[in-house]
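Student: Build the 3D model from these lines:
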Amino acid sequence: MTGPAQASLRSAPRGRLRADLVYLGWCHAVALPDPGPRPEPPRRQALAEVDADWLAAQRREQALLDRPAWLGTAACGGIAVAAAGCWLAGVLRAGLAGLALATAAVAAGACLLAVASGRRALRAQIAAEHERVRQIAAVQRAQLAARQRQQATSSRDWQQRSAAYRRQPHWYPVTLPAQVSRLDVAGGTRAGWSALLTMLAGPRLAAGGEVTVLDLTEGGVAADLVALASGLGISPLVWVLPADLPQLDLGLRLGPDALAEVLALTAAAAEPAGSVAADPARDAALLRRLLAVLGPEAGMARLTAALRALAQAGGPREQLAAGALLPEQLSALGGMFGRGAEHLVVDRAWTLEARLAVLSPLGTAPADLLPSPLRIAWPDRRGTATGNRVLASYLTVALTELLRQAPAAQTGPWQQTVCVLGAERLPGDALDRLCDAAEAAGAGLVMGYRAIPAQIRERLGRGNAAVAFMRLGNAEDARAAAEQIGSEHRFVVSQLTDTVGLSVTDTVGDSYTSTVGTADSVADSGSATLTAGRSRGRGRSRHGSFAPFADFTGSASRDASTSSAWSDSRSVTEGISTSTSWGVSTSRALGTSSSVAGTLQRSRELVIEPHELQHLPQTAVVVCRAGPGGREVLLADANPAIMTLPTATLATMPDVPASRPGPARPPGGPRPTS
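Tutor: Predicted structure coming up:
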C-alpha cells in the first residue's frame, strides 16, 4: 500500500474512550495482508569472457593447419642446401644449381605466406570473439542494472507495505451499546473475572462514571481494579466485612417500613438451600412493630437486642445491663403479642436474631469519607459461612432497595454501574428484584455466575441483556452454554490470547485492604499479616457513601453533575500496564517472541462445543449480543493490557474478514463493531 492510502493509515486516530459504549474486551482482526518476506536481491552473475580453452584449441588447430607449410618450407630449405652443395662439389652446373635454389626459394616463400595468412585469420577470429564477448558482457551489465533497479523498487514497496501492516490496528474493542441494561457473565476463573472486571470498569471510571462492586466470591476479584483506580488517581472505598460493618452506611437512611422489608428479605435470602421457605411478609410485619417500639433512632444493635428479648434469650436484667434497651422498651416488647402468638413469635424471633446478629455493628461508627467513584464491599473469606451468607444477602437486598428508591437517572446509561460477582449464591427472586431495580434506575448491571445452576440457567440473557461465557469447567454447564451459543460458530483464538491464558494462573489477590477502617490482609502464601490502621477523609461525613446514586431527599445526588467528558485512553493504559498481573504476562508474551507480527498470527481454531468451552483461555470471552443484523456471537479477549499494545485501537473495527484462512464467517458469526 503506497501513496494516499498509506498516508491515511498513518494519520488514522487510535480512538478515544466513549461513554456510550461498554467495553468488554478485544477482538483480533487484520485488514491488510501480510507483506511476506523481504524481496531477495538479484544474484550477481559472472560477466562473459573469452574462453581460454577455446583460445588454446584454436591455436592448436591453427598449428595443425600450418604444419604442411612448415614442412614444405623445411623441404625447400633442404633442396636449396643440397643444390648448393652439389654446385660446390662440381656435380651440378651453376645454372642448374641456381635454378634449383630459385625454385626452392619460391616454394619456401609460398609456404611462409600460407603460414602468415593462417595466423592473420586466427588473430581476426580471436578479435571477433573478443568483440562478441564484450557485447554479451555489456548486455549482461545492462540486465543486472535493470534487475537491481527493479529490486530496489520492490524493496521500497515492501518496506511501505510492511510499515503499513505493522502500523495497522490488529486489536479492536468489543463493546456493548449503553442501551443494553445488563450483562450476564457465566463461568470463568478468578484471573479471568479480574481481567473482565478491570476491562469493563476501567473505561467507565475514566469516562466519569461510578462503579459499585459486590464481591460475593470471597476471592478478591477486584484487587486489580483497585490497583488500576489508584493508578488513575482515584481513591477507592473498600469495605471488608464484617470488620468494616461499623463504617458501612448501606441502608441506614431507609425508612422503618423499607428497612423492615430489607431485613426480612435478607433473612429469607440467607436461608440454606433445601430449607423451608420463610414468609418475608410475616417477618417484615414483626420487624416493623419492633422498629415502631424502638423509635426512629434504633440501630441494628437495638433491633437484634429486641429480637433476643422476644426470643427470651436471657433475662431482662441482661438486656438492661447491656444498655441496648430501655426499661419502657423492654416492657412494651413484653406486652406486644398475646399469649396465643407467643410460641410463634419466640420461634421466629430466634431465627431472625440468629440470621441478623452478624449485622449488629452496622453503622455504629460511620467514618468521615470523601466520596469515591469506586466502591467495593466483600465478605471476608475468614468470616463464618453463615455470617458471610447473611452479609451477601444484605448487601444485595439493601442495594436493590436503594436502587428502587433512587430518582430517575439524570445522566447517561451505565454512568452508574453495579457489578455483583458470585451471584449464583443468591436466590432467584433476589436476582430478579435486583435486575428490575437496576433497569428502572438506569444503572448498568453486571451479574457474574461461576456456575450455571437451574435457577441461573433460566435467567441468563432474560430481558434487555447480553450474555458472556468464559471458561466453564463443569461439563453440564459447558453443555448448557454450548446449546445457548449455538454450535455453528467457529472462531480463531489468537496466539497472544492462548499464550497469556496459559501463563496467567489464579494469581490475583485473594484479599483486600480496607480503606474505610481497620482491616486484616492475608498474603498469598497463607501466612496471616495483620495491618491495622484507620483512614480518614478530609471532607465531612456523608451518609449513603456506599451508594451515592440514591438520594432520598427528593433531589438528585452528586452523580447528576458528574462530567461525562470523553477521556483519552492513554491515562487508562498507564494504570493497566503498571498494576495488572496479566499486563506483565502480555509484555512477556510479546518480548519472548521473534516479532510482534509473529505473535499475532493465528493459534488454533475453536468450535463451540462443551469440550472447547471447558478449555478456553482464562481471558477469552464468548459474547452473545444483539446486532443490527440480528444476534451476533463474538470471541473477545478481556485482557485489558492489550490496550497498551502498539497495534490496539479504540476506533470502530472495519468490516474485514477474520484473520484466518478457510470459509467465510457463518451467518450471524463474529463481525466485531462498536
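
Student: quick one: Leu472 and Ile452 touch, right?
Tutor: Yes - with contact defined as CB atoms under 8 Å, Leu472 reaches Ile452; the gap is 7.5 Å. All C-beta spots, glycine's among them, are computed from the backbone N, C-alpha and C.

Student: Which neighbours do these two have in common?
Tutor: Common contact partners of Leu472 and Ile452 (CB atoms under 8 Å, 6 or more residues apart in numbering): Ala186, Gly187, Ala481.

Student: what's the closest of the residues you listed to Leu460?
Tutor: Using CB to CB, Ala186 is the member of these that sits closest to Leu460, with 6.2 Å.

Student: my guess is that closest one contacts Val446, does it?
Tutor: No - contact criterion CB under 8 Å: Ala186 and Val446 do not qualify, at 12.0 Å.

Student: Any idea how many residues pack against the nearest residue to His615 once chain neighbours are set aside?
Tutor: Nearest non-adjacent residue to His615, counting by CB to CB, 6 or more residues apart in numbering: Arg471, 7.4 Å away. Neighbours of Arg471 under the rule other CB atoms under 10 Å: 20.

Student: so how far is the helix ranked longest in the chain off the chain centroid?
Tutor: Using DSSP state H, we find that the single longest helix of the chain is helix 94-167. Chain-centre distance of helix 94-167: 70 Å, with CA atoms, centre = their mean, to the nearest Å.

Student: what separates whichever helix or strand comes after it from the chain centre, distance-wise?
Tutor: Beyond helix 94-167 on the C-terminal side, the first helix or strand identified by DSSP states H and E is strand 171-177. Here strand 171-177 is found 11 Å from its chain centre; the criterion is CA atoms, centre = their mean.

Student: Residues touching strand 171-177, excluding its own?
Tutor: 15, 20-29, 183, 466, 621, 623, 625, 634, 636-637, 642, 645, 647-653, 672, 674.

Student: Can you pull the phi/psi pair for Val418?
Tutor: Per-residue torsions, Val418: phi -120, psi 130 (degrees, to the nearest 10).

Student: so it makes contact with Gly442?
Tutor: No - in this structure, Val418 is not within contact of Gly442 by CB under 8 Å, at 11.3 Å.

Student: Next, the contact list for Arg450, please.
Tutor: By CB under 8 Å, 6+ apart, the contact set of Arg450 is Gly187, Gly188, Thr217, Gly422, Glu424.

Student: Just among those residues, which is most surrounded?
Tutor: For the contacts of Arg450, neighbours tallied by other CB under 10 Å; top is Gly188, 28 neighbours.

Student: and that residue, what does it touch?
Tutor: Counting by CB under 8 Å, 6+ apart, Gly188 touches Leu196, Gly448, Arg450, Met470, Arg471, Gln618.

Student: 10 Å - rerun?
Tutor: Shown in contact with Gly188 (CB atoms under 10 Å, 6 or more residues apart in numbering): 194-196, 221, 421, 448-450, 468-473, 616, 618-621, 638.

Student: Now a ChimeraX select for only the buried ones of the contacts of strand 171-177.
Tutor: To isolate in ChimeraX the members of the contacts of strand 171-177 that are buried, counting by 16 or more other CB atoms under 10 Å, one can use:
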select :15,21,22,23,24,25,26,27,28,29,183,466,621,623,625,634,636,637,642,645,647,648,649,650,653,672,674
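
Student: residues in contact with the residue sitting furthest away from the middle of the chain?
Tutor: Ranked by distance from the centre of the chain (CA atoms, centre = their mean), the top residue is Gly90, with 125.0 Å. Neighbour list for Gly90: empty [criterion: CB under 10 Å, 6+ apart].

Student: For it, what are phi and psi?
Tutor: Dihedral angles of Gly90 (phi, psi; degrees, to the nearest 10) stand at phi 80, psi 10.

Student: One more: Gln45?
Tutor: According to degrees, to the nearest 10, Gln45 has phi -100, psi 150.

Student: for Ala292, helix, strand, or coil?
Tutor: Following DSSP: H, G, I helix; E, B strand; the rest coil, the label given to Ala292 is helix.

Student: from memory it sits against Leu333, does it?
Tutor: No - with contacts counted by CB atoms under 10 Å, Ala292 stays clear of Leu333, the gap being 11.0 Å.

Student: Those two - which one has more neighbours?
Tutor: Legend: neighbour count by other CB under 10 Å for Ala292 and Leu333, higher for Leu333 (22 against 15).

Student: And the residue farthest from the centre of the chain, how far from Ala398?
Tutor: Distance, Gly90 to Ala398, using CB to CB, to the nearest Å: 160 Å.

Student: Quick one: the helices in the stretch 401-550 of the chain, in order.
Tutor: For the stretch 401-550 of the chain, the helices defined by DSSP state H, counting those that start in this stretch cover 428-441, 454-457, 475-485, 495-503.
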